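J.: sharing a model prediction with you, sequence too.
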Amino acid sequence: MVRNSRIDPFIDVDRPLVALGNEYRDGHRVDPHQHRRAQLLYGFSGVVVVTTPDGTLVMPPERGMWIPPGVIHSVRMLGNVSMRSVYIQPQAIETMPDRCQVVEISPLLRTLIAEAVDIPVDYDVNDRAGALMTLLLHELARLKPLPLSLPIPRNSMLARKCQDFLRQPTTHDTIDVWASHMSMSRRAFTRMFRLETGLSFVKWRELACLHAALPRLVAGAPVTTIAIDLGYKNPAAFTTMFKRVFGCSPREMARQHARNDSAGAVLQP
């Protein structure tokens, strides 16, 4: 059983999987780092923001995040976060994505992760614990990605424009405004933007606005205020977009955070 501990003492354990459980307070940050093993994050509560050289990913409650071995990443907690992490030897699964992804967590995988945290790191591979971990490996190979990553372009001028937008996001920004700023035609800009980010400009703008909304929502800002500040016509339009992306309404997520804050959390030593 490993809880409220870093992975460092167990990184070289001769087992394909190591599972840890940690509790974090709202606002807790983990500085940029990397692991020799791949990592699957899963949060029972709270929102987790992971930043990599390629962009930012937001993991809502009850979702997961795949982090390949060797990827430099920093982590920020929004709300009290009850975290479970599974560290996987690179050779244990050969077909996993080579970049960070937010992923769906099936009911079976959720149960397996909860069980894995209570298994000793040097578990017997031939008993029940070994069978459970083997099944967990099989389920990891079935992870389904979710469109919750916000890529940052490598083109320096476009990257600066994206970073400026993230400081003051609004749905009123248009392709024509950005294309004009970069002295490009609309067609050339849209082609470059998709090549640089893998997303259309409208989809990226939508995700950027929703990413910016999360910290304010967790902090208790009214949904109506957030929606208006981001340029949505009304709170209902914002709620519809939020629910389509995150799977719950902004008020439902805010209530969940309020419950978590009332319950409290134990900060990792």
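T.: Looks like it arrived, so ask away. Predicted, not measured: the structure shown is a model, and the values here were computed from it.
J.: quick check: closest non-adjacent residue to residue 246.
T.: Counting by CB to CB, 6 or more residues apart in numbering, residue 60 is the residue found nearest to residue 246 once chain neighbours are left out, at 4.9 Å. Every C-beta, even on glycine, is put in place using the N, C-alpha and C of the backbone.
J.: next, count neighbours for that neighbour.
T.: For residue 60, the tally of surrounding residues (other CB atoms under 10 Å) stands at 20.
J.: could you pull up the residues touching it?
T.: Residue 60 sits next to 43, 47, 148, 246, 247, 248, 253 when contact means CB atoms under 8 Å, 6 or more residues apart in numbering.
J.: and it, how close does it get to residue 187?
T.: Separation of residue 60 from residue 187 (CB to CB, to the nearest Å) stands at 35 Å.
J.: just the strands in this protein please.
T.: Ranges of strands in the chain, per DSSP state E, are 17-24, 29-33, 38-52, 55-59, 63-67, 73-88, 101-104, 144-146, 149-151.
J.: distance of the residue nearest to residue 246 from residue 155?
T.: Following CB to CB, the distance that separates residue 60 from residue 155 is 29 Å.
J.: measure stretch 151-158 end to end?
T.: 12 Å (CA to CA, to the nearest Å).
J.: now it: buried residues?
T.: In terms of neighbour count (16 or more other CB atoms under 10 Å), stretch 151-158 has its buried residues at 151, 152, 153, 155, 158.
J.: likewise for stretch 196-214?
T.: If you call a residue buried by 16+ other CB under 10 Å, then stretch 196-214 has these buried ones: 196-197, 199, 201, 204-214.
J.: just curious, which of those is nearest to residue 29?
T.: residue 214 (15.2 Å; CB to CB).
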